[in-house]
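Chemist: Here is the input, now give the coordinates:
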Amino acid sequence: MDRIDVSMPLFEGMPAFPGDPLFRSRPERRVDRGDPYNLSALALGSHAGTHVDPPSHFAAGTPGVDRLDLDVLNGRCLVLTVPDDRSVVGPPEVASVPPGTTRVLLRTGNSRRWGARLEFFEDFVGLALGGAVALRERGVRLVGIDSLSVEWDPSGRFPVHRDLLGHGVLILEGLLLAEVSPGEYRLDCLPLRIRDGDGGPARAVLGRP
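Modeler: Next up is the predicted model:
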């Protein structure tokens, strides 16, 4: 395939991070009920499914999703496979990322589980603060991961989000990478243009570099 869609479909009953609004789709117009066209009312959280975290997700007065540099979200990327037996992505797991790499997508054991069943699981693999620091020190400007949160931290202080976003590194969460081999690709990712949005559901596609 020339393109691989790595974004999560939106549907009622889809996985949601605990506490986030659930996706809802309500039919408003239906041809089979005599209406001239089909139309639905959608309700969803700003971090539903595959989505981009902008700086405003954690800091007031910083750019929202509508003011992000689209060049950061689109271009050559590296898909890095983390062994399935790792419960956290730290510095050793990202040591092979070459300096100067702009975009990294982390394919962890989460992908295998998403591939078997698309439902939320609490013991997901996330990025540790040390891994986040190691990535941005290599020049990475976009970190993507196959979980609904990049964060691996039980304290509730969100150090990974704060470190990455505070240094201008964008976060792409909720990727489906089960069918993706490690290596270089071209990432095409466009979040919804929500004015001052603290998050943006996105369609993310991988193609030939």
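Chemist: List the contacts of the most centrally placed residue in the chain.
Modeler: Nearest residue to the geometric centre of the chain (CA atoms, centre = their mean): E173, 1.6 Å. Contacts for E173 (CB atoms under 8 Å, 6 or more residues apart in numbering) come out as 47, 50-53, 144-145, 147-150. (C-beta placed from N, C-alpha, C; glycine too.)
Chemist: List the beta-bridge partners for it.
Modeler: When bridges are called by DSSP bridges, E173 pairs up with H51.
Chemist: and if you look at E151?
Modeler: Here E151 sits in beta bridges with L127, going by DSSP bridges.
Chemist: which residues sit in contact with it?
Modeler: Shown in contact with E151 (CB under 8 Å, 6+ apart): 126-127, 158-161.
Chemist: backbone phi and psi for the residue in the chain sticking out farthest from the centre, please?
Modeler: Residue farthest from the centre of the chain, counting by CA atoms, centre = their mean, is G34 at 39.5 Å. Dihedral pair for G34: phi 100, psi 0, per degrees, to the nearest 10.
Chemist: Next one: it from S40, what distance?
Modeler: 16 Å (CB to CB, to the nearest Å).
Chemist: cool, and T81?
Modeler: Distance, T81 to S40, using CB to CB: 37 Å.
Chemist: same deal with L190?
Modeler: Plainly put, L190 is 21 Å away from S40 if you go by CB to CB.
Chemist: between the two, which one's more packed in?
Modeler: Relative neighbour count places L190 above the other of L190 and S40, with 14 against 11, counting by other CB atoms under 10 Å.
Chemist: which residues in this protein form helices?
Modeler: 70-73, 109-116, 129-137, 159-166 (DSSP state H).
Chemist: thinking again about what came up before, and the residue farthest from the centre of the chain, how far is that from G45?
Modeler: Counting by CB to CB - G34 and G45 are separated by 33 Å.
Chemist: Could you do V143 as well?
Modeler: 21 Å.
Chemist: now do G100
Modeler: G100 is 35 Å from G45, by CB to CB.
Chemist: Point out where the protein drops to low pLDDT.
Modeler: Applying pLDDT under 70 to the chain picks out residues 1.
Chemist: The helices of the chain: which one's closest to G183?
Modeler: With CB to CB as the measure, helix 109-116 is the member of the helices of the chain nearest G183 (14.8 Å).
Chemist: Give the buried residues for the closest one.
Modeler: Neighbour counts using 16 or more other CB atoms under 10 Å place 109-111, 113-114 of helix 109-116 among the buried residues.
Chemist: Relative to A178, which of the residues you listed is nearest.
Modeler: Checking the buried residues of helix 109-116 one by one against A178 (CB to CB), the nearest turns out to be S111, at 4.3 Å.
Chemist: Reformat the helices of the chain as TSV; add distance to P9.
Modeler: Output for those, formatted as TSV (distance: least, CB to CB, whole Å):
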stretch	distance to P9
helix 70-73	20
helix 109-116	11
helix 129-137	28
helix 159-166	25
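Chemist: of all these, which lies closest to F23?
Modeler: With CB to CB as the criterion, F23 lies closest to helix 109-116 of those, at 16.2 Å.
Chemist: Thanks again, I'm all set now.
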